[in-house]
Every structure is written in C-alpha cells, then in structure tokens.
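[1] model the structure of this input:
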Amino acid sequence: MTADHSTSPALALDATQLRTLLDDVGTFIYAKDLHGRYTFANRATLELLALEHVDQIIGKTDSDFFAADTAADIARNDQEAIERACTISREETNQVQGSAMMRTFLSIKKPLFDQQGQVCGMYGVSTDITAAKQLEWELRREKEQLRVVLDNLDATVYVKNRERRYLYANKHIAVAYGKTVDEVVGQLETDLVGQELSDLFSQADRVVFAEQKKIALKESFLSPDGKQRHYWSIKMPIVFNGEAGLIGFSSDITELHNLQEELKNLANTDALTGAANRRFFHDTTAHELARSKALLTPLSLAVFDVDWFKRINDTWGHPVGDRVLQAIAAACQKGLRKQNLFGRIGGEEFAVLLPRTGLADAQRIAERLRLAISHLRFKDLPDLGPISASFGLVTCLDEEITCDEFFSRADKALYQAKAAGRNCVCVAA
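    Next comes the predicted model:
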C-alpha cells in the first residue's frame, strides 16, 4: 500500500504513535500471512487471547487459540478475502480455548498487497457486538433479522476534540462527508455537516466526555448523495497527541436497517393485495382509537364485503377471485389519502381507517370507494359481470368504546347494507 503524501505533516504518525492509536481504538485489529499465521495484533487482541506479549501470537494460527470448528470458520473467511482479493464482512462467533463465554464479532477483512501488487496476506478489524446482539435479541421484531450477515461494511475511524474539531479521520469518513481526508482533518464538525447534524452527533460525544466511558449507539444522517445512511458507532475517550478527545469507530449498517424495515413491512402486509393485514390493521385501530379519545378528534371506520364473492370463485375459479381482490385493493388505495389505512381483514372483507374524519366526510369517502369498485371491469372476462361491495360505517367522537366494540358496530352496519340489497353504504346507529 502506498503512503498518502497529501496528509498534513503535523498529522503524520510514526510507528509508535500508530501503535498507540491502534491499541487505544477499543476494537480488535490484526494481520495474517497467506498461511493464516499472525503477523500483527493490537493490545485488545492480545487481551482477548489472554496473552501478555505480541511475540506470543506472531507466527501462530487461530487453531492455537480457538476450538477446531471456530478456527475453521475464521480461516474460511480469511481465505475468502485473500483468494477473492476483496473486502468481506461477517459475523463470527468465537470461543477462546479455556473460556466458557461465547462472543460475537462483526469482522471486516481485507487483503494485504506487497510492493508488486500481489496479495501477501490479510488484515482485519473485529468489533465485539456481543452486548448489542443480546439487546437486539430481546426485541422480538429483530430476532430473525440478527442472523443477517452484514455485507459490504466499511468502517469509519475518527478522532475529535472537545470543540468537535477533527484531529484524525480515515478515508471512509471523508467519503461519507463527500470530502477528502485533508478537507476533514482540522475542520469543525459544524463546518462539515451543518449545525443540526453536528448537534445530533454531539449528544453522544458529550456523554463520552462527561462520563469518560465508552458508549455504543446507532447514528443516522443524509449522505452527500441525499440517501439516508445508518451507522453502528462506538465512541470512547482518548488522549491524542496530548489533547483530550474521543475516538469513534462506526460501521455502515444501512443494508441491515433497510432489511429490518422491509421485513417489518412484510410482517404488516397482506401478501395478495398489498393492504395492511388483519393484525396490523387491528393494532393500528386500537392506537388511533386511544389517540382520538385523548385529542377529542373523530375517528371513522368503514368495513366492506365483496358482494357474491363465493359465486365468483365457484364460477370462475380462485385465480380470477384473487384478481378481483387485487383490483379492488388497488382501486381503493388509489382513492385514499396517506393518513388513511386500508386493510384486508378477511377473505373478501376489507376495512378503511379514517383518522380525524367525521361522519359526513367518511360517508363521502365510502361512497367514492363503492363507486370505484362498481366501475371495475376485466377486458378478458366480459361475462364476469359487475363487481360491487356492501359497506358498514361507524364514527367515534368522544364516547368510551373498545376496539372490539368499534369493529362490532361497523360489522352490524355492514349486515344492514347486505339486508338492504347490497352495493350500498349503511351507517351504524
């Protein structure tokens, strides 16, 4: 690797300073040759393996410190970085020989190149995420997501003083800010990201300085390309070149965050129609009902059932029935505002939640949806006939009513609509 001659001479690090910096990072940094033998390890790595001197690890392999299956998993990831000459990120679960504790690490591994540009080994940075994993496992919605391997994860390393001026920055944080390293080092954080975002970052920084302890947290901000990025950050106090500061080590978890949001959305969505599923619709209704009572604002609920849907299924088959449901869902969602919630709560039964909507407006919305359904046509099924739906509508103002009672009153109005000849809107008494 070539030196960065653009770095300010005042910031050039000699071997001792660099060793001190790597020892104080608070994460595990190491390097190995092509045969998996250690060529470098920082103090945290030595302490993890209960070693006192670096000479005790140089030339050794992971099989000297870990159980056979663990060592094999580590070696497999190391070899992938070497053989593919690429950066990889993996979650690794390690158990040091003689220790009963299992630890989970987020490891970023990259190839090392000699002066001829040939791969001569690899180096890695591993962050102990055991505590974070345990905390995340307590959150039910994240249980399955925690097994996802974080790919293409780059780490940002930086040092800031109490005035939030950057004393050191690696290239990854410079890229995150859309700057070069020289444009970041020596600058105040507010000049790089603006006052609002700087104040957001400083909340964690102040804790580090005030309590003089390491903290870990999730941080989010807009990157220069306008996209939202999410980072898992570890920050800890440090003395850098004789000046009190903090060192931060952040990993990009945007892909994991987006996956979490996608999985959460899938868990709340009906697979056939894209509408909210019954559980999510019911939970949201309960929440909105409580908010309506607290704010003294009206809340309306419309439930509707597709008329003669069984006849459609029996005559044309379930695939056509599915197409009808999908068309109805699309037509209704197109006619609703973002604050309204559309859901499928049964086979051919749907519901619309209308926050801050009184009875008169709710009737107009329900009637508009009814007409939209009645206008549906299928060009390839001219004999299918008109589609219609019967609506039941209820509005809650300031009365004491449970969520189940709310739905029950809407259902009764729906039955009245069916009894009145179908294809109409009836309001609960």
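[2] residue boundaries of the helices in this structure?
    15-24, 43-48, 68-84, 130-137, 171-176, 181-184, 189-193, 195-211, 254-267, 278-295, 309-316, 318-334, 359-374, 403-419 (DSSP state H).
[3] figure out which of the ones you listed is closest to Thr93.
    Closest to Thr93 of the helices of the chain is helix 68-84 (Cβ to Cβ; 7.4 Å). Yep, even glycine has a C-beta here, placed from its N, CA and C like the rest.
[4] that closest one: how far from the chain's middle?
    Distance, stretch centre to chain centre, for helix 68-84: 28 Å (Cα atoms, centre = their mean, to the nearest Å).
[5] now do stretch 271-286
    Counting by Cα atoms, centre = their mean, stretch 271-286 comes out at 21 Å from the chain centroid.
[6] flag the shaky bits of the stretch 301-429 of the chain, pLDDT-wise.
    398 (pLDDT under 70).
[7] and what of the stretch 51-200 of the chain?
    Looking at the stretch 51-200 of the chain by pLDDT under 70, you get 96-100, 136-154.
[8] ok so, going back, could you dump the helices of the chain to a markdown table with mean neighbour count and distance to Glu92?
    A markdown table is the format used below for the helices of the chain (neighbours: other Cβ atoms under 10 Å; distance: least, Cβ to Cβ, whole Å):
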| stretch | mean neighbour count | distance to Glu92 |
| --- | --- | --- |
| helix 15-24 | 14 | 20 |
| helix 43-48 | 18 | 12 |
| helix 68-84 | 16 | 6 |
| helix 130-137 | 14 | 11 |
| helix 171-176 | 18 | 21 |
| helix 181-184 | 18 | 30 |
| helix 189-193 | 18 | 33 |
| helix 195-211 | 14 | 26 |
| helix 254-267 | 14 | 16 |
| helix 278-295 | 16 | 36 |
| helix 309-316 | 15 | 52 |
| helix 318-334 | 17 | 44 |
| helix 359-374 | 18 | 53 |
| helix 403-419 | 18 | 46 |
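[9] now distance to Gln115 too, for these, in TSV please.
    Compiled in TSV, those are given as follows (distance: least, Cβ to Cβ, whole Å):
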stretch	distance to Gln115
helix 15-24	18
helix 43-48	26
helix 68-84	17
helix 130-137	38
helix 171-176	21
helix 181-184	23
helix 189-193	35
helix 195-211	39
helix 254-267	35
helix 278-295	59
helix 309-316	73
helix 318-334	61
helix 359-374	71
helix 403-419	71
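[10] and these: which comes nearest Asp380?
    Here helix 318-334 is closest among these (Cβ to Cβ), at 9.6 Å.
[11] on that earlier part again, Asp55 is nearest to which of the helices of the chain?
    helix 43-48 (10.2 Å).
[12] excluding chain neighbours, what is closest to the spatially most central residue of the chain?
    Nearest to the mean C-alpha position of the chain, by Cα atoms, centre = their mean, lies His257 at 1.5 Å. Excluding the flanking residues, the one nearest His257 by Cβ to Cβ, 6 or more residues apart in numbering is His230, at 4.2 Å.
[13] what lines up beside the longest strand seen in the chain in the sheet?
    Assignment by DSSP state E gives strand 228-240 as the longest strand of the chain. Sheet partners assigned to strand 228-240 using DSSP bridges are listed as strand 215-222 (antiparallel), strand 243-252 (antiparallel).
[14] quick one, the first one and helix 254-267 angle?
    Computed with axes from the mean of the first three to the mean of the last three Cα atoms, to 10 degrees, the direction of strand 215-222 lies at 80 degrees from that of helix 254-267.
[15] cool, and the longest one?
    When the same axes, to 10 degrees is applied, the directions of strand 243-252 and helix 254-267 differ by 50 degrees.
[16] which outside residues touch strand 243-252?
    21, 24-27, 106, 108, 127, 150, 152-162, 167, 173, 205, 208-209, 219, 229-240 (Cβ atoms under 8 Å, 6 or more residues apart in numbering).
[17] avg pLDDT for that strand?
    Mean per-residue pLDDT for strand 243-252: 85.
[18] buried residues of that strand, list them for me.
    Gly245, Leu246, Ile247, Gly248, Phe249, Ser250, Ser251, Asp252 (16 or more other Cβ atoms under 10 Å).
[19] and what of stretch 387-403?
    Ile387, Ser388, Ala389, Ser390, Phe391, Gly392, Leu393, Val394, Thr395, Cys396, Ile401, Cys403.
[20] chain center to that stretch: distance?
    35 Å.
[21] send the alpha carbons of stretch 340-356 over as PDB?
    Only the C-alpha atoms of stretch 340-356 are listed here, as PDB (Å, rounded to 0.1, in the frame of the first residue of the first chain):
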ATOM      1  CA  ASN A 340     -55.900   6.600   5.900                       C
ATOM      2  CA  LEU A 341     -55.200   2.900   6.400                       C
ATOM      3  CA  PHE A 342     -56.600   0.300   4.000                       C
ATOM      4  CA  GLY A 343     -56.600  -3.300   5.200                       C
ATOM      5  CA  ARG A 344     -57.700  -6.800   4.300                       C
ATOM      6  CA  ILE A 345     -59.300  -8.300   7.400                       C
ATOM      7  CA  GLY A 346     -60.800 -11.400   6.000                       C
ATOM      8  CA  GLY A 347     -61.100 -13.500   2.800                       C
ATOM      9  CA  GLU A 348     -63.200 -10.900   0.800                       C
ATOM     10  CA  GLU A 349     -63.600  -8.400   3.700                       C
ATOM     11  CA  PHE A 350     -61.700  -5.100   3.700                       C
ATOM     12  CA  ALA A 351     -61.600  -2.100   6.100                       C
ATOM     13  CA  VAL A 352     -60.600   1.500   5.900                       C
ATOM     14  CA  LEU A 353     -59.500   3.500   9.000                       C
ATOM     15  CA  LEU A 354     -60.100   7.300   8.700                       C
ATOM     16  CA  PRO A 355     -58.400   9.300  11.500                       C
ATOM     17  CA  ARG A 356     -59.600  12.800  12.100                       C
END
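[22] if anything else comes up later, I'll come back, but that's it for now.
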